[in-house]
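based on what follows, work out the 3D shape:
(chains A and B)
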Amino acid sequence: MAVESSLVAGEEGEEVNDDQISLLPDPILTMILSLIPVIEAARTSVLSKKWRYLWTSIPHLDFFNLFDTFFPIGGFPTQVGEKCISVFYQIFARRQAHINSCDLPIFDDCPVDFYNFFPLLHKLGIQRLLLSHFGTDPKTLSSLFFCNSLEKLSILHFTIGLPSQFNQLTNLQALELTFVRITSAQLEMLVSGCPNLENLTINHCLDLSDLRIHAPNLLLLDIFVEEVERFRFSLIKAPRLKHVVLGYQLDKHDLYDFSEEEDEEDENEIDEVDNLIKLLMNLDHLESFSFRCCPHLFKFKSIMHLPDSLPIGCQLVHLKKLFMELNFDDATMVSPLLFLLRSCPILEQLSLKHECSEIGFPIETNYREKQRPPKCLTNHLMTIRIENIHLYNKNVIEFVKFLLINAHVLIRMRLLYRKSPRDQSEEDIVVNELLLFERASQNALLEIKPGGRYEC
Amino acid sequence: MASTSNSTSSKIITLRSSDGEVFEVEESVALESNLIRRMMEDDCANNIIPLPNVTAPIFYLVIEHCKKHAEMKDNKEKKKELRSQGEELLKSDPHTYSNLMEAVNYLDIKSLMDLTAQWLADFLKGKSPRLIRELLKIKNDFTPEEEAEILERNRWAFD
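Numbers count the residues shown, from 1 in each chain, chains lettered A, B, ... in the order given. Below is the predicted model:
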């Protein structure tokens, strides 16, 4: 967008003005000042009368960039926090121009008086705010939630305690919570209080075990959870929701004990599958779905309880794009993929990324013949992309063949493989075999290209 | 006459600078400018598009940088090189810089706006106010008392 330009004709005055830079329009100069550390911008106040107050209307205040160097993440000398806070007050207390956006680091030793500070930001019409806490003792945010001017809010490493009089953040469109402590009830209340929320990102949020979301205008939901076995989706009421990104990370040690305590876990396994199915049945209006699980989606052998597909009437009948990260060598991940494919009758684009991990349940042989081909393969799936694979991986090749013989309207399949240090002729053999392999769609373009590095 | 046409069969747009010079520019380059894009969308650009706020020498510079910018899209080295060119221009010819900046702003070319803004930001970074004044020929119009007061009020920045 162009900044309003006030072109100055240089010929009017008798004396020639050499200083053309100062004649640039104020909005351009303040935009430029927001690209340098705040401390340096403040120093320009002494240049001349024209520059005296320019820096006080910088639209974007980045306090990560307050001093000449970026803050190191981790330890700080105590004085830094104290100096920061005195600077915040000096800047904000005298500020009259609106603030578009502000990135604010908060330290353990910053005696920030949030009770007065957030109302001040609100008065200055703040639209985008990023608050990041550094230290060991996350503070509780409360008065922030009266800043009704906010359009985008990102919070890192804080505890959220909604004020009892919390009403609404009517302008909020994007909310991003990372390493935030918030209870399920509070999150539900917060989201319900943001009627215009379109993007919601929840990453590594502690204490959150039960997700209930009620958001009439939500378009994108991005969730990353660590402790999958404690996590439940109870309700997602979001009629406009189009894209969901779901990421799981399982505790590392869980990977190594799946032979033990099977009986005890059995019930949880069923719950886990039920949860996923319930969640998906709630999302039948979705158009795109990304599933990221690193490294495992389900714990133990939950796979045994996964049905063939979602029941008719509850399928993902609008889903056009599916992305999934999975390990093709692990039955507990290939099976959910087939389950999803059979539950998305009009899927058009499929994108898969192979992530190798050491442990997984072995794939049964000949599943290519045993599997019921998903319906979307017959008349909707047009593009397939599979990346990060090795051509000598039999399970991957089997899956590719399964898709080729069943995808009747396929236009293009792209395989991006990692060149292996092994004999290259082996790879050539596989490439030739695939190129000659029977395809249900005669005109489908099959591209097999190297991409990526050697190591696994 | 300046011609930037090339062997490809893309459409050519004709533009006229404020001092009457006529330029022929490939449509893909011309459309980098949101101003020109809007004029074409509004259909008030069937013949020669006049650019009353841009002189020919500055327009040359704009086109040159548009092309450079297109070339370096995926090239980090070139990006760095282009970014570092601002220092020289601002030191040797701040006048041309501000004309270029105004033209880019008027033509509303996002990519060049980012680049030229970054040039001045990089130039200001790490320089004392005294040096900035000297290089950009900014006249200090404060009385010594006024200057002392500013330093005092913003002590955190000058310590």
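
any stretches of the chain with poor pLDDT?
Just so you know, I chose chain A. A:1-17, A:67-82, A:109-111, A:227-235, A:249-273, A:275, A:293-305, A:358-361, A:364-369, A:452-456 (pLDDT under 70).

actually chain B
For chain B (pLDDT under 70), the answer is B:1-9, B:43-46.

how about the residues of it by chain A?
Contacts of chain B with chain A, taken as CB under 8 Å from any CB of the partner chain, map to B:34-35, B:53, B:94-95, B:97-99, B:101-102, B:105-106, B:108, B:113, B:117-118, B:120-121, B:124-126, B:128-129, B:132-133, B:136-142, B:147, B:150-151, B:154, B:156-158. For every residue, glycine as well, the C-beta is placed using N, CA and C.

for the stretch 351-456 of chain A, which segments count as helices?
Along the stretch 351-456 of chain A, the stretches classed as helices by DSSP state H, counting those that start in this stretch are A:367-370, A:375-379, A:394-406, A:424-436.

I meant the stretch 1-150 of chain A, not that one.
Counting by DSSP H, counting those that start in this stretch, one finds helices in the stretch 1-150 of chain A at the ranges A:26-33, A:38-43, A:78-94, A:114-123.

show me the beta-bridge partners of B:Val22.
B:Val22 forms beta bridges with B:Arg16, as assigned by DSSP bridges.

just say helix, strand or coil for whatever residue of the stretch 201-350 of chain A ends up closest to chain B.
Closest residue of the stretch 201-350 of chain A to chain B, CB to the nearest CB: A:Phe323 (23.5 Å). Secondary structure assignment for A:Phe323 (DSSP: H, G, I helix; E, B strand; the rest coil): strand.

quick one: A:Leu316 and A:Leu286 touch, right?
Yes: A:Leu316 is within contact range of A:Leu286, at 5.9 Å (criterion: CB atoms under 8 Å).

picking up where we left off before, please pick the buried ones from the residues of chain B next to chain A.
By neighbour count, with 16 or more other CB atoms under 10 Å in any protein chain shown, those hold B:35, B:53, B:94, B:97-99, B:101-102, B:105-106, B:108, B:113, B:117, B:120-121, B:124, B:129, B:132-133, B:136, B:138, B:142, B:150-151, B:154, B:157-158 as buried.

mind listing which of the residues you listed are in helices?
Among those, the residues falling in helices (DSSP state H) are B:35, B:94, B:97-99, B:101-102, B:105-106, B:113, B:117, B:120-121, B:124, B:129, B:132-133, B:136, B:150-151, B:157-158.

what residues does the stretch 51-200 of chain A put near chain B?
Residues of the stretch 51-200 of chain A lying near chain B (CB under 8 Å from any CB): A:51-52, A:68, A:83, A:86-87, A:90.

quick check: ChimeraX command selecting the buried ones in these.
To isolate the buried ones among these in ChimeraX, judged by 16+ other CB under 10 Å, type:
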select /A:51,52,83,87,90
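
grab the most central residue of chain A for me.
By CA atoms, centre = their mean, the mean C-alpha position of chain A lies nearest to A:Asp222, the distance being 5.0 Å.

need the contact list for that one.
A:Asp222 makes contacts with A:199-203, A:244-245, as judged by CB atoms under 8 Å, 6 or more residues apart in numbering or on different chains.

assumed it was part of a strand.
Yes: A:Asp222 forms part of a strand when assessed by three-state DSSP.

okay, it and A:Glu348: tell me how far apart.
A:Asp222 sits at a distance of 22 Å from A:Glu348 (criterion: CB to CB, to the nearest Å).

then A:His380?
For A:His380 relative to A:Glu348 (CB to CB), the value is 5 Å.

for A:Gln90, same thing?
For A:Gln90, the distance to A:Glu348 equals 56 Å [CB to CB].

in the stretch 151-300 of chain A, which spans are helices?
Under DSSP H, counting those that start in this stretch, the stretch 151-300 of chain A gives helices at A:184-192, A:262-282.

tell me the buried residues in the first one?
If I follow you right, that is helix A:184-192. Buried residues in helix A:184-192, counting neighbours by 16+ other CB under 10 Å, are found at A:184, A:186-192.

which one of those residues sits closest to chain B?
Of the buried residues of helix A:184-192, the one sitting nearest to chain B (CB to the nearest CB) turns out to be A:Val191, at 33.8 Å.

I figured the closest one hits A:Ile202, correct?
No: A:Val191 lies out of contact with A:Ile202 (CB under 8 Å); the separation is 9.7 Å.

sorry, back to before: in JSON lines, list the buried residues of helix A:184-192 along with distance to A:Ala97.
Output for the buried residues of helix A:184-192, formatted as JSON lines (distance: CB to CB, whole Å):
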{"residue": "A:Ser184", "distance to A:Ala97": "40"}
{"residue": "A:Gln186", "distance to A:Ala97": "34"}
{"residue": "A:Leu187", "distance to A:Ala97": "34"}
{"residue": "A:Glu188", "distance to A:Ala97": "37"}
{"residue": "A:Met189", "distance to A:Ala97": "33"}
{"residue": "A:Leu190", "distance to A:Ala97": "29"}
{"residue": "A:Val191", "distance to A:Ala97": "32"}
{"residue": "A:Ser192", "distance to A:Ala97": "33"}
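
just to revisit the earlier point, what residues are shared contacts of A:His380 and A:Glu348?
With the criterion set as CB under 8 Å, 6+ apart, the contacts of A:His380 and A:Glu348 do not overlap.

and A:His354, how far from A:Leu381?
19 Å.

next one: A:Leu35
Distance, A:Leu35 to A:Leu381, using CB to CB: 46 Å.

more neighbours: which of those two?
A:Leu381 (28 against 19; other CB atoms under 10 Å in any protein chain shown).

show me what contacts the more buried one?
Residues near A:Leu381 by CB under 8 Å, 6+ apart: A:347-350, A:407, A:409-410.

so what does it have for phi and psi?
phi -70, psi 120 (degrees, to the nearest 10).

want to try JSON lines for the contacts of A:Asp222, with distance to B:Arg16 and neighbour count as columns?
Formatted as JSON lines, the contacts of A:Asp222 follow (distance: CB to CB, whole Å; neighbours: other CB atoms under 10 Å in any protein chain shown):
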{"residue": "A:Asn199", "distance to B:Arg16": "45", "neighbour count": "16"}
{"residue": "A:Leu200", "distance to B:Arg16": "50", "neighbour count": "24"}
{"residue": "A:Thr201", "distance to B:Arg16": "49", "neighbour count": "17"}
{"residue": "A:Ile202", "distance to B:Arg16": "55", "neighbour count": "21"}
{"residue": "A:Asn203", "distance to B:Arg16": "53", "neighbour count": "16"}
{"residue": "A:Val244", "distance to B:Arg16": "52", "neighbour count": "22"}
{"residue": "A:Val245", "distance to B:Arg16": "50", "neighbour count": "16"}
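
what would those look like in a markdown table with distance to A:Val431?
Conversion of those to a markdown table gives the following (distance: CB to CB, whole Å):
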| residue | distance to A:Val431 |
| --- | --- |
| A:Asn199 | 41 |
| A:Leu200 | 43 |
| A:Thr201 | 40 |
| A:Ile202 | 42 |
| A:Asn203 | 39 |
| A:Val244 | 35 |
| A:Val245 | 32 |
